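Trainee: below is the structure, and that's it, no one-letter string:
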């Protein structure tokens, strides 16, 4: 991240409106750079829609989404400066961890020797050293999420979107995963948007809370 | 949760089913085997003619499989990429139609489009191409096999692609993967998991395909083992040759079945029924045109022959056809055979299901009972192992010395059709009965419900629907089958497909077209009944 980026907000919603079926959404907010923001609210309120608008999986009916000050209208999900971690299926089950993480660096897996080292380093950083040739099916749920974090690490994007990343894990594991996430955040100084239902997680991780209700951001 | 008496009844029913099927399949095979040495001593058990038959059987099956799979890949990819394509659900359902369509009717439709006077060759002539495409011989057999098997392969592949988690597409978009990378890392591996099973299935269907080769194959250059068996029995009256060929056919299917059993199974459940995930690739105009073109071409390839059947059929005097005595006679015979085959298939299935339930109910079933359960499960493979024409040949040899084959023929046809329908009937009934038993078994036992009151209050309301589905599906199969009746049919014994075939042979194509339309509509209606509920269940 260049210093000039800091003058912009990480994410800006300018009067963004969207209707999906009967549900209507209206977002207007500003998310500062370098924070961890917890997105909370009842299910169906629009938390995932908010993330989808940032990631580019949904296109606003009107209004604009800005990332680091740049208008994202018409920008394909692959060209947006962000990484994603879902609750599940973050890894292609038939590909080994090296390939899964390497795809984060180059989408057709054209990797330089330096890139290959970066993949191994990232695996080591999340506690999966030497797991390059393992298939996701041989890992535990926690290990798979760690691998997803490793991919986010190698991508070096200023924004990380997490959609209930720990919901499928047991409480003890959630704790250690949250610690790992905090560590990575302090190292990379990225902005993190995390959808979560867990009050403890909000308290432990978030600098601030974005509360979504009835398709809009609750003040 | 079964009482001792219920368990004994179940086992007895299963034993009866198993014995009935085994006798019906094993007796004719034994008859074939016991006749075989005589034929081989006559010399030429495996002569040049047989070798060329085997070669052609394998060649056409291999090419048909290759083409069906190869052409199905772009169609499945395009359909998977476009979950919101106009009429997509109907296009996917259209792909189930060839499965329920009597093969003979499909062949007539294909002749209507690809025949010498057909739409396709007229277009070619208009475009200045001198050489017309021939619907007869190898090229015709290939076109027909692709018509029947491309949709099947496509549905299997589409189901494999639709089973991929929705996150994969979001992830690939977010990582910026290009079409080639998506194919290499996501679509390709998914297809690679499905294709071996699909190819095995298609190869099996093409290697044992009878009706298409009979109608479209011409002369010794384009004849498969199955058709050669039929010809040597029906025209050359050379039972020795028929026996030799039948044994060769059993050997061939055994090898193919063994290979298929090593492949991962291909599953088709719930395809196209709204499980497709949103896609973020292929948004360019070019990609849209490409996909729309592929889907439109595949749809036309399926719709045009069906349309040809309807158009040609409506030109015939349908009212005159259905009032003529030959039609009523054939319709009556067909219906009687279809109902018998359907009910028999259900009866045998119920026996197998009851026995399996009885064995599953025991906590520690003794070893022989475990083997018995496995034998019951392997039943459908046994049925596939011995194709209808081979079964018919064996029974022909068994009965001929003792009685008039024509008299026993309706029974034999019904029994052969029952065997053909058995795997499908089991696929509908077994899951329905198992869920029903799991839901109501303990409650029913604790209330002490049994006998007729249990049947009336608990079983029938739930199981009536799957039973009717199974019956209509089995009847559709039997009504459309030409393979079994081809061996035994005569002036006295005529079914609807046989009537169509003989009218076709005597160049009364107008009649054949009209009859084909009637038969096709009946069979498709029955198949729709037989699969409609299945869709809702899954």
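Mentor: Structure's in. What do you need? Computed from a predicted model, the values in this text were never measured in an experiment. Residues are numbered from 1 along each chain as shown, chains lettered A, B, ... in the order given.
Trainee: did I read that right, residue A:211 in a strand?
Mentor: Yes: judged by DSSP: H, G, I helix; E, B strand; the rest coil, residue A:211 forms part of a strand.
Trainee: any idea what it is bridged to?
Mentor: residue A:40, residue A:218 (DSSP bridges).
Trainee: pretty sure it sits against residue A:217.
Mentor: Yes: with contact defined as Cβ atoms under 8 Å, residue A:211 and residue A:217 form a contacting pair (6.9 Å). In short, each C-beta sits where N, CA and C put it, glycine included.
Trainee: the residue nearest the centre of chain A: which element?
Mentor: Nearest to the mean C-alpha position of chain A, by Cα atoms, centre = their mean, lies residue A:161 at 2.0 Å. Using DSSP states H and E, residue A:161 sits in strand A:159-163.
Trainee: quick one: residues contacting the residue nearest to the centre of chain A.
Mentor: Taking Cβ atoms under 8 Å, 6 or more residues apart in numbering or on different chains, we find residue A:161 in contact with A:51, A:54-55, A:82-85, A:193.
Trainee: what's the closest non-adjacent residue to whichever residue of chain A sits closest to chain B?
Mentor: Ranked by Cβ to the nearest Cβ, the top residue of chain A for proximity to chain B is residue A:78, at 2.8 Å. Among residues not flanking residue A:78 along the chain, residue B:176 sits closest, at 2.8 Å (Cβ to Cβ, 6 or more residues apart in numbering or on different chains).
Trainee: quick one, phi/psi of that neighbour?
Mentor: Backbone torsions for residue B:176, taken as degrees, to the nearest 10, come to phi 80, psi 30.
Trainee: what pLDDT does the model give it?
Mentor: What the model reports as pLDDT for residue B:176 is 91.
Trainee: residues near it, how many?
Mentor: 17 (other Cβ atoms under 10 Å in any protein chain shown).
Trainee: wait, it touches residue A:107, no?
Mentor: Yes: in this structure residue B:176 lies within contact range of residue A:107 using Cβ under 8 Å: 4.5 Å.
Trainee: what do the two both touch?
Mentor: Common neighbours of residue B:176 and residue A:107 (Cβ under 8 Å, 6+ apart) are residue A:78.
Trainee: tell me the secondary structure for residue A:90?
Mentor: coil.
Trainee: quick check on it: phi, psi?
Mentor: Torsion angles, degrees, to the nearest 10, at residue A:90: phi -80, psi -20.
Trainee: all strands for chain A, in order.
Mentor: A:11-20, A:23-31, A:36-40, A:62-67, A:70-71, A:82-85, A:159-163, A:191-195, A:208-213, A:216-218 (DSSP state E).
Trainee: stretch B:201-214: how far from the chain's middle?
Mentor: Remark: stretch B:201-214 is offset 10 Å from the chain centroid, using Cα atoms, centre = their mean, to the nearest Å.
Trainee: sorry, back to before: which pLDDT value belongs to the residue nearest to the centre of chain A?
Mentor: pLDDT, residue A:161: 94.
Trainee: what about residue 114, how many neighbours?
Mentor: Picked chain A for this. 8.
Trainee: look at chain B instead
Mentor: Neighbour tally, residue B:114, other Cβ under 10 Å: 25.
Trainee: what about residue A:48, distance to residue A:55?
Mentor: Distance, residue A:48 to residue A:55, by Cβ to Cβ, to the nearest Å: 10 Å.
Trainee: comparing the two, which shows the higher neighbour count?
Mentor: Between residue A:48 and residue A:55, counted using other Cβ under 10 Å, the more crowded position is residue A:55 (25 against 19).
Trainee: at the contact with chain B, which residues of chain A appear?
Mentor: A:55-57, A:76-80, A:82-84, A:86, A:88-90, A:92, A:94-95, A:99, A:103-104, A:107-109 (Cβ under 8 Å from any Cβ of the partner chain).
Trainee: so which of those are in helices?
Mentor: A:55, A:99, A:103-104 (DSSP state H).
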